[in-house]
Each structure stands twice: as C-alpha cells, then as structure tokens.
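J.: I need the structure of the sequence given here:
(2 chains)
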Amino acid sequence: GENVEQHPSTLSVQEGDSAVIKCTYSDSASNYFPWYKQELGKGPQLIIDIRSNVGEKKDQRIAVTLNKTAKHFSLHITETQPEDSAVYFCAASLAGGTSYGKLTFGQGTILTVHP
Amino acid sequence: GAVVSQHPSRVICKSGTSVKIECRSLDFQATTMFWYRQFPKQSLMLMATSNEGSKATYEQGVEKDKFLINHASLTLSTLTVTSAHPEDSSFYICSAWAVLRGRSSTDTQYFGPGTRLTVL
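T.: Numbers count the residues shown, from 1 in each chain, chains lettered A, B, ... in the order given. Down below sits the predicted model:
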C-alpha cells in the first residue's frame, strides 16, 4: 500500500518568512496530492491540491510542487502570518474516473508563525 | 467548496454504552465516505470506507463489530461505537469525495468538523 513520509514534524518561522513542508510517497500509481490545514479541535480543511498531470499549482500565498519521478511533493507558504499557525498534513491517493481511493496521510507538521 | 457535517460535535458517555455519530454531505451526493480516528498530536488513521447500499470495508486491525457503519443514503453515513471503553476516546472524523464534474475544480475529498468522543 501507499506510504507517505512528511518532514519536518515541527516548523517555526517568523512572520513574513516562507515555510516549506515536504512529503514523499511510495506508490507510483497515486495521482492526487492534497494538503490539509487542521486547527485545534477541528477537522482538516483542504488548502490546495495537485494532480499528477501538473508540476506546480499556486493559490495566492500557497503553492504546491510535484516531482513524479522522485515521488515527492512540497507545500510552500510565502509571507507567513500568525493565523497560518496550525498542523499541516499532506496526503496521497488514486483519484479520478471511477476510482476514488482512500487518502494516505503524512505524519503532520506543526507550523508556528511568530509575530 | 463542498460541505460535510458531523453530529454531534462532542459526546461524553459512560463505559459500556453505545454512541452514534452522523456524517452528512450537505450539498452533494457521496457514494463513498470515510471514517478516521485521530489521537492527540497524531495523524489521521483511516478506520473504514463506507459504501452506500453495501457493507463497509474496514482497515486492518479495526473491529467491525465494535465500529458499526451504516451508509443508508447518498448523503448520510453513521458510525456507531458499541460498548465504548475509555480507550475508544478519540476524535472521529468523516470525509467524502465531492465529484464536481463540469466545474473547473474536480474531484476533491472534504472532511467534516469531527466528533470528540470521551468515554468515562
């Protein structure tokens, strides 16, 4: 089955700095890679996702890059703000057509943005 | 984006009782829903895949007789924790694929807000 490794486990940055979280996956058949933000006591919230037919996707201060050959993908947050502080999870899955597979999650990264 | 709701948000029960948690897709139909459990400071662990009109598929190590799943309609899946014990205390989260064909954003998995179960 799929295995997703996520690093770092904790990340502390100053407000305005950039933050990068990296994930690797094992199953080359996976084609869908979402990133979720989870605040304390809440369910995960999708912040951005990427599919295997593109190498990069950007949404304002958030971007995700995907390297299918190396089987790794990364989340980039620029101009971080204190409200970005949360736990971030990457995940991998096979999705599309008639197949909607289960997500395999990384271990999570606790991001702390200091004012 | 698509909305998934859960009820209740918090529940406290006595050991030995059963607890039912509901997961609803509010603005889309979901033939498949997923149930996760999350312990403090840990990642989400998939418990089972809930399939509308058929039996759920459980992950290895998850007791199907203890965690009963019913997916009776395209918008509702329920998880019943039977004979709950303190070790079942956890944060339970459901999710569903929202297939938004015809839109610029396509298939995406959305999560509910979670249910905090505390077993005394």
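J.: where does pLDDT dip in the chain?
T.: Because you didn't say which chain, this covers chain A. A:96-100 (pLDDT under 70).
J.: chain B is the one I meant
T.: B:1, B:99-106.
J.: hey, what's residue A:105 bridged with?
T.: On the basis of DSSP bridges, residue A:105 is bridged to residue A:91.
J.: I'd say it and residue A:4 touch.
T.: Yes: if you go by Cβ atoms under 8 Å, residue A:105 and residue A:4 touch, sitting 6.3 Å apart. For every residue, glycine as well, the C-beta is placed using N, CA and C.
J.: between these two, which contacts overlap?
T.: A:90, A:91 (Cβ atoms under 8 Å, 6 or more residues apart in numbering or on different chains).
J.: how about the residues of chain B near chain A?
T.: Within reach of chain A by Cβ under 8 Å from any Cβ of the partner chain, chain B has these residues: B:1, B:4, B:6, B:32, B:34, B:42-44, B:46, B:49, B:91, B:93, B:95, B:97, B:99, B:106-114, B:116.
J.: filter the residues you listed down to the buried ones.
T.: Among those, those buried by neighbour count (16 or more other Cβ atoms under 10 Å in any protein chain shown) are B:4, B:6, B:32, B:34, B:43-44, B:46, B:49, B:91, B:93, B:95, B:97, B:99, B:107-114.
J.: in helices, which of the residues you listed appear?
T.: Judged by DSSP state H, helices contain none of those.
J.: ok, residue 79 - contacts?
T.: Looking at chain A here, since you left the chain open. With Cβ under 8 Å, 6+ apart, residue A:79 has these contacts: A:16, A:18, A:61.
J.: if you could check chain B rather than the one you did, that'd help
T.: So, once contact is read as Cβ under 8 Å, 6+ apart, residue B:79 ends up touching B:20, B:21, B:23, B:35, B:47, B:67, B:68, B:69, B:92, B:94.
J.: ok, those residues vs chain A, which is closest?
T.: Chain A lies nearest to residue B:94 out of the contacts of residue B:79, by Cβ to the nearest Cβ, at 8.5 Å.
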